[in-house]
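*Asks:* Using only what follows, build the 3D model:
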Amino acid sequence: MKIVIVGAGIACVSAIKAIRLYDKYSEIAVYGEEPHYPYKRIRLTKDLADGIQEKNLLIEQQSWYEENRVSIYRDARVERIDPAYHKLILSDGTKVEYTALLLANGASNSVLPIKGIDKKEVFTLRNLRDAKEILEQAGKSQKVLVIGGGILGLEVAWSLVRLGKKVTVVEALPALMPKQLDRTAASILQKIVESHGVVVQTGCQIKEITGDDTVNGFITDQGTHQSCDMVIHSTGIQPNIELVKDSGILTRQGILVDERMQTNFSDIYAAGDVAEYRGLVAGLWSIAAHQGEIAGSNIAGQDRVCEVPVAATVMNAFRFSLFSIGELDDSAADCCISGKEEGDRYQKILFKEGKITGALFMGSIRELPSIRKSMEQKCSFPEVYKRDMQPSEFMTLLKEKQAKKELQPVGAASKAVYR
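*Replies:* Numbering: from 1, shown residues only. Got it, this is the predicted structure:
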């Protein structure tokens, strides 16, 4: 059996580990476009100010692949897939046969239709090469515009502040981190970001990046013209589905997969940022890892299904920590506990039918493991409906129950089930 994986990220590595758990001998070949062994892309925005050291980013060392009999072909671009003949065609014309194929070739950063976005001092951060080019340009620039006020844009902004740059963050929606925070949390975060000298403009769009030979500023949809000499944009992702065009593999936003991470071809799987499962391209590291594990297990002959993990967003930037997990729409909950403490601390926990459906903590992330565990187990907390409770009181209750092992998944008759 020859297993071929296209793409060299966390979904790929997770799939290899799952395959080797059940299958020690099948041939595994990985084709990745970059000249590097699989590395932690999630660290790029976080580590930018400290300098990018490839050896510190590797998911596994080179020796690990050798020990697990995995052939990694770097700088190898797959141009086309021929499912009828079970073959890949590389950019140099080489044909590669497979028995099972995993598409884990990720996504690219979205590029907004902004005049001037193709100028040479305009960057996006998706891979190691991008990071190195950004650091090189940052050494020459003083005023940087960051387009996008999501977590990645803010982590980049914090790195630039640490590098001594003057930074402006522009977010089209009315608040920072609009997918993860409510209005109260977003307001707290904006004040913290601004306290470090960053100019934040929300509800505002960039219409043009100005300059002839080099970037010298930007114009917003409100008509203001401000100066900058470097631009970094972070405004979402687009799955890399061009590879499967005209192959017969079904796509919408991403490559369509079922609960086994299988496409409409029984020997072809997809996982990670390129995959669309239940109408969603998650774009999250933890979900890519889980999907890779499921795909790898099934390639190795198992029958596992993808149970969408409870994904959390964690930010440690601007000397401040926060996490957001689950669904934070008040209208979807039947109970909400929230409270604002001294300084910038704010907590919110949402429930439906006794179960935690979402949580948001500003100023601390130490509560995340307990919250996540109870959400994964779908544990019930009838106490929150019986009396008014502050978030700190609920966390005390939760930890006491976990310490006494009193928490039960909803509908369980005996001990809790852990995944």
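*Asks:* From residue 42, how far off is the most centrally placed residue in the chain?
*Replies:* In the chain, the C-alpha nearest the mean C-alpha coordinate belongs to residue 284, at 2.8 Å (C-alpha atoms, centre = their mean). Here the criterion is C-beta to C-beta, to the nearest Å. By it, residue 284 lies 9 Å from residue 42. Any C-beta I mention is one placed from the backbone N, CA and C, and that applies to glycine too.
*Asks:* Which of the helices or strands spans residue 260?
*Replies:* Using DSSP states H and E, residue 260 maps to neither a helix nor a strand.
*Asks:* now it, nearest residue through space, not along the chain?
*Replies:* The spatial neighbour of residue 260 that comes closest, neighbours along the chain excluded (C-beta to C-beta, 6 or more residues apart in numbering), is residue 298 at 4.9 Å.
*Asks:* Let me see the contact set for that neighbour.
*Replies:* 260-262, 269, 304 (C-beta atoms under 8 Å, 6 or more residues apart in numbering).
*Asks:* could you dump those to TSV with neighbour count, pLDDT and distance to residue 142?
*Replies:* Shown next, in TSV, are those (neighbours: other C-beta atoms under 10 Å; pLDDT from 0 to 100; distance: C-beta to C-beta, whole Å):
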residue	neighbour count	pLDDT	distance to residue 142
260	18	98	52
261	31	98	46
262	18	98	51
269	30	98	47
304	16	97	52
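*Asks:* Tell me the one of these nearest residue 69?
*Replies:* Nearest to residue 69 among the contacts of residue 298 is residue 269, at 20.1 Å by C-beta to C-beta.
*Asks:* how about that closest one, phi and psi?
*Replies:* Per-residue torsions, residue 269: phi -120, psi 160 (degrees, to the nearest 10).
*Asks:* can you tell me how far the closest residue to it other than its chain neighbours sits from residue 303?
*Replies:* In space, residue 269 comes closest to residue 295 once its chain neighbours are excluded; the distance is 4.2 Å by C-beta to C-beta, 6+ apart. Shown here: residue 295 relative to residue 303, a distance of 13 Å by C-beta to C-beta.
*Asks:* which one of those two has more residues nearby?
*Replies:* residue 295 (32 against 7; other C-beta atoms under 10 Å).
*Asks:* The more buried one: what's it in contact with?
*Replies:* Here residue 295 is in contact with 11, 15, 18, 102, 104, 260-262, 269-271 (criterion: C-beta under 8 Å, 6+ apart).
*Asks:* Then residue 171?
*Replies:* So residue 171 contacts 148-150, 153, 178, 200-204 (C-beta under 8 Å, 6+ apart).
*Asks:* how close does it get to residue 217?
*Replies:* 18 Å.
*Asks:* how about the helices in the protein?
*Replies:* Along the chain, the stretches classed as helices by DSSP state H are 10-22, 44-47, 54-57, 62-67, 128-138, 151-162, 183-195, 285-299, 368-376, 391-404.
*Asks:* Select, out of the ones you listed, the one closest to residue 110.
*Replies:* helix 151-162 (11.6 Å).
*Asks:* Which neighbouring elements make contact with the closest one?
*Replies:* Under the contact criterion of 3 or more C-beta pairs under 8 Å, 6 or more residues apart in numbering; DSSP states H and E, helix 151-162 touches helix 44-47, strand 143-147, strand 166-171, strand 230-233, strand 312-317.
*Asks:* In that helix, which residues are buried?
*Replies:* 151-161 (16 or more other C-beta atoms under 10 Å).
*Asks:* and residue 2, what does it touch?
*Replies:* Contact analysis of residue 2 by C-beta under 8 Å, 6+ apart lists 26-27, 29, 97-100.
*Asks:* Buried ones among those?
*Replies:* For the contacts of residue 2, a neighbour count by 16+ other C-beta under 10 Å gives the buried set as 26, 29, 98, 100.
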